[in-house]
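Novice: My questions are about this predicted structure, shown below with the sequence.
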Amino acid sequence: MSERATREENVDVVWSGDWVAERLGVALEGDGELRELLGLALRRNPKRAHLLVSNVLGKHVPQKPSVVYGAGYRLGERVRALLGEEEARRAVVLGYAETATGLGHAVADGLRDAPYLHSTRRPVAGVAQAGGFEEAHSHATSHLLLPEDPELLAGGAEASALVLVDDEFSTGNTVLNTIRALHELHPRDRYVIVALVDMRSPADRDRLTAFAAEIGARVDLVTRSTGTVTLPDGVLERGQALVAAQEAEETGPVHEAAAHPAPVTRVGLDWPAGVPDGGRHGFTPAHRAALEAALPGMAERIAGALADGARRGRVLVLGFEELMYAPLRLGTALEAALGPEAEIRYSTTTRSPVLAVDDPGYAIRTRLVFPAHDAPADGPGDRYAYNVAGAGFDAVVAVVDSTADTPELHAPEGLLARLAAHTGQVLLAVVPSYTPTPVSEPAVLPEPLRGPDFSSYAPEDVGWLLQDLSDTELEAPTEEREEAIQSGGAHYAESLPVEYQPSAEYQALFTAALDASAARIARAVGTVTETVLAERGPRPVLVSLARAGTPVGVLMRRWAQHRHGLDLPHYAISIVRGRGIDATALRWLAAHHDPADVVFVDGWTGKGAITRELAAAMEEFEASGGPAGFDPEIAVLADPGGCVRTYGTREDFLIPSACLNSTVSGLISRTVLRADLVGPNDFHGGKFYRELADSDVSGDFLTAVTARFDEVAGQVEDEAKELLAADRAPTWEGWAAVERISEEYGIHDVNLVKPGVGETTRVLLRRVPWKILARRGAGTDLEHIRLLAQQRGVPVEEVDDLPYSCVGLIHPRYTRGATGADGKAVKGA
């Protein structure tokens, strides 16, 4: 963000500290920007009479949201430059309640990858306190630290820097109290203090230096402006007397309630699921990404609810005490949505009592008083909104969390009623209060299943991140499943097709295909494995997408062992189109391995639906609070669709493991996801077909391919080097072809178009096929396709200009009436 783009609004000719300076002799001296940043007011506080009122904090003085956010963000960028990119990524940012919760969050954004936590005065049931400290001069002193992740503030030899953010650095007492308390629990080597202004005296500067030496840590300071406040003797008593006199004279302007108060309308935000309302319990980079993606839509919903005049007028986005960041970002998004025609401002309510004086030389011109509306732990009391009454706002958007959406908020003397008397429209936007998982109730994750108890693979070949549903009746006739799926009555993952039992002719065809293609498969296995080891090594964790990816994952593991002596971990995980990836399995992986080491593996790409599904699922997983760091890129044996950058080949050829179902995949079914069977902390389900052991060729497939490893080693070395140096960016050529075919054949649903040999085989084995498109001149790779099509009465149409060897079309608008009397698929269009 450029300085010019976010330059503060400064329309007052008179400095907003003159009134206090003239009456109390308080002197504010510093660099040239200091008086633009700060004004002065008097506070009803027995500990400190004066209040430095920031013009860029967004607490007491309404300001452009972009100015407020930019002030914190640029400080964060300076911290990032100070720490360096690597240490900045490992840093933790801590902001102070209530005034600096939004500033600290913006600083964390400027660091880009740092998690954020702010102190709070709101106890939360079930969340353990990780620390606390006192703020000596504040109206409310006790700060609680309530991170959801108890390790967030952990120190030690490898501890990251702790970045502490406050709006002003005056005596340094608050920061010293914090560092002392946390350093006793979690010592670390480096702290960075960030503030908008550094107003310490020379003695206070020396005290901080001595304290850093005492604890043996480096302490850096990053501020925007520097100055000093000179307080004459007896200023506290004189200030208290002046406050009492002014309140007796009622110098603050009286703003009569409007005869017809403005309407109050609730606007739904559609706040992104799993994203906290702020940093009270921690806010991760994944949360940040999810919120950024959702902000434009939420701003559009607010803009749509504003009256026409307000959309081109003056609008205040009003936050609520500690809830500063969410309304701030809604404000920046609203600025972008409405453009320069609208005048968007941002401030928040507060629990701090400050004297209001209607004078241009005083920082707090007006005050609205209303009762607390979030059942505070210290009991009921007054709350305040400053510089709102009389400011000419056409609309006010009040943003609160759901904890504060109480009868007190809506009462005749409540905040909404107070606002309605001084503006033309009030919108209420409620952000759901984030409730962490209670630390006393950790989820117990299941363990992987292994052969021979689950699957015919050796136990070291793969760990199945599935639950065993072998005793559950899940199979349904193919035609019945197809009708339910296409009618919307069921999802394909809620049942299983009846396992295809190959004829002797088809089994012989599989054997012949395996003999003919084993070397080609071994070459592709070697090439993709060497690519993974070169780019994701030295010890990647293979995670295959069950079940088509699992034989490939086993082969990749065996290549790494055979050629390099590596014993790579390999697991199988469930992903379901339209439902996403198994979040419990991902949590298990994150608990046992570094997510950055995980490499997802699949057999082949068709049109790339699962590639897109995985990317979206990983984004959703992180946004919901799941562990970050997983790379959604998939490594595949064959990529005829041009959908990935890590592959063994982009040829569309017969991979014999696609010819069969469970009998070439360790006797495991496709995966199952059904609400009555899979709970929130369960793995997705699968079945082990022990009864098909006599037909199992899983081991034969692995043996045939691994036997050719040495034979193809030289070719693999050359091809891997060539691929590593090549441009392997996805072309998505297959997706474009699928869209074209879907329209040309009147299907109008890309999910019913299954391109490539592997996907076409699945159509013929599991779904109700309509017709098969075969590229003219395709050879032996399609022999099993033609045999299956003949057995099911499905026409095979020879076509030109097909980027795949073949494409399977599922019967559109299927009902069981679409089959003939013999149960075969309807022929023709």
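Specialist: Now that the structure is in, tell me what you want to look at. Residues are numbered from 1 along each chain as shown.
Novice: Only C-alpha atoms from now on, for both contacts and neighbour counts.
Specialist: OK.
Novice: where exactly do the helices run in the stretch 401-550 of the chain?
Specialist: 407-410, 415-420, 478-486, 504-536, 549-564 (DSSP state H, counting those that start in this stretch).
Novice: Go ahead and confirm G699 touches D461.
Specialist: No - using C-alpha atoms under 8 Å, G699 is not in contact with D461; the gap is 11.2 Å.
Novice: Comparing these two, which residue is more hemmed in?
Specialist: The neighbour comparison of G699 against D461 (other C-alpha atoms under 10 Å) goes to D461, with 21 against 16.
Novice: For the nearest residue to that one once chain neighbours are set aside, grab the count of nearby residues.
Specialist: Nearest residue to D461, sequence neighbours excluded (C-alpha to C-alpha, 6 or more residues apart in numbering): V554, at 5.7 Å. A count of nearby residues for V554, using other C-alpha under 10 Å, gives 25.
Novice: Same question for R205.
Specialist: R205: 15 surrounding residues under other C-alpha under 10 Å.
Novice: Kindly provide the distance from it to A372.
Specialist: According to C-alpha to C-alpha, to the nearest Å, R205 and A372 sit 38 Å apart.
Novice: what do you get for G331?
Specialist: Taking C-alpha to C-alpha, one finds G331 at 23 Å from A372.
Novice: before we move on, what about V124?
Specialist: Taken as C-alpha to C-alpha, the span from V124 to A372 is 17 Å.
Novice: among the helices of the stretch 401-550 of the chain, where is the model least confident on average?
Specialist: Lowest mean pLDDT within the helices of the stretch 401-550 of the chain: helix 478-486, a mean of 56.
Novice: Quick check: T226 is in a strand.
Specialist: Yes - counting by DSSP: H, G, I helix; E, B strand; the rest coil, T226 is located in a strand.
Novice: Find the residue closest to it in space, skipping its chain neighbours.
Specialist: Spatial nearest neighbour of T226, excluding adjacent residues (C-alpha to C-alpha, 6+ apart): D198 at 4.7 Å.
Novice: Tell me the bridge partners for that neighbour.
Specialist: Counting by DSSP bridges, D198 is bridged to F169, T226.
Novice: Can you give me the neighbour number for it?
Specialist: D198: 23 neighbours (other C-alpha under 10 Å).
Novice: Need phi/psi at A395.
Specialist: The phi and psi values for A395, taken as degrees, to the nearest 10, are phi -150, psi 150.
Novice: so how far is Y73 from it?
Specialist: From A395 to Y73 the distance is 27 Å (C-alpha to C-alpha).
Novice: now whichever strand or helix holds L318, how far from the centre of its chain.
Specialist: For L318, the element it lies in under DSSP states H and E is strand 314-320. Centroid separation for strand 314-320 versus its chain: 26 Å, with C-alpha atoms, centre = their mean, to the nearest Å.
Novice: Now the element after that strand, going C-ward?
Specialist: Past strand 314-320, the next helix or strand by DSSP H and E is helix 325-338.
Novice: Report the inter-axis angle for that following helix versus strand 314-320.
Specialist: Counting by axes from the mean of the first three to the mean of the last three C-alpha atoms, to 10 degrees, helix 325-338 lies at 160 degrees to strand 314-320.
Novice: on contacts alone, who are the packing partners of the strand holding L318?
Specialist: helix 325-338, strand 343-349, strand 395-401 (3 or more C-alpha pairs under 8 Å, 6 or more residues apart in numbering; DSSP states H and E).
Novice: if we go to 6 Å?
Specialist: In terms of contact count using 3 or more C-alpha pairs under 6 Å, 6 or more residues apart in numbering; DSSP states H and E, strand 314-320 is assigned the packing partners strand 343-349, strand 395-401.
Novice: Mind listing the strands the very next helix or strand once past the first one pairs with, and their directions?
Specialist: Past strand 343-349, heading to the C-terminal end, the next element that is a helix or strand (DSSP H and E) is strand 367-371. Partner strands and pairing direction for strand 367-371 (DSSP bridges) are strand 382-386 (antiparallel).
Novice: model confidence over the partner strand, on average?
Specialist: Mean pLDDT, strand 382-386: 96.
Novice: lowest average confidence, helix or strand, in this structure?
Specialist: None of the helices or strands of the chain scores lower by mean pLDDT, DSSP states H and E than helix 478-486, at a mean of 56.
Novice: Next, work out how far apart the residue most central in space within the chain and L724 are.
Specialist: In the chain, the centroid-proximal residue (C-alpha atoms, centre = their mean) is A623; its distance is 2.3 Å. Separation of A623 from L724 (C-alpha to C-alpha) stands at 32 Å.
Novice: now do E494
Specialist: Counting by C-alpha to C-alpha, the gap from E494 to L724 is 40 Å.
Novice: likewise V554?
Specialist: According to C-alpha to C-alpha, V554 and L724 sit 23 Å apart.
Novice: again with D277
Specialist: 44 Å.
Novice: and these two? which has more neighbours close in?
Specialist: A direct count of neighbours by other C-alpha under 10 Å for D277 and L724 places D277 higher, at 27 against 16.
Novice: pLDDT score assigned to the more buried one?
Specialist: Reported pLDDT at D277 in the predicted model: 96.
Novice: Name the surrounding residues that touch stretch 35-51.
Specialist: 16-17, 52-55, 137, 236, 239, 353-355, 363 (C-alpha atoms under 6 Å, 6 or more residues apart in numbering).
Novice: Turn the buried ones among these into a named ChimeraX selection, would you?
Specialist: Only the buried entries of the contacts of stretch 35-51 go into this ChimeraX selection, using 16 or more other C-alpha atoms under 10 Å:
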select :16,17,52,53,54,55,236,239,353,354,355,363
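Novice: what comes into contact with stretch 722-729?
Specialist: R645.
Novice: How about stretch 467-478?
Specialist: For stretch 467-478, contacts defined as C-alpha under 6 Å, 6+ apart pick out S495, L496, P497, V498, F683, G685, G686, K687, F688, R767.
Novice: Go through those and name the one nearest A546.
Specialist: Relative to A546, the closest of the contacts of stretch 467-478 is G686; by C-alpha to C-alpha it sits at 9.4 Å.
Novice: ok, H684 to R674 distance?
Specialist: In terms of C-alpha to C-alpha, H684 sits 8 Å off from R674.
Novice: Which one's more surrounded, those two?
Specialist: H684 (29 against 14).
Novice: Can you name the residues that contact the more buried one?
Specialist: L466, L673.
Novice: Quick one: the helices of the stretch 401-550 of the chain as a markdown table, columns for distance to A590 too.
Specialist: Below are the helices of the stretch 401-550 of the chain laid out as a markdown table (distance: least, C-alpha to C-alpha, whole Å):
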| stretch | distance to A590 |
| --- | --- |
| helix 407-410 | 42 |
| helix 415-420 | 45 |
| helix 478-486 | 33 |
| helix 504-536 | 17 |
| helix 549-564 | 19 |
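Novice: Among those helices, which comes closest to L24?
Specialist: Closest among the helices of the stretch 401-550 of the chain, using C-alpha to C-alpha: helix 415-420, at 32.2 Å.
Novice: other SSEs contacting the closest one?
Specialist: Taking 3+ C-alpha pairs under 6 Å, 6+ apart as the contact definition, helix 415-420 has no neighbouring helices or strands.
Novice: and it, how far out from the chain's middle?
Specialist: Centroid separation between helix 415-420 and its chain, computed with C-alpha atoms, centre = their mean, is 34 Å.
Novice: Sounds good, over and out.
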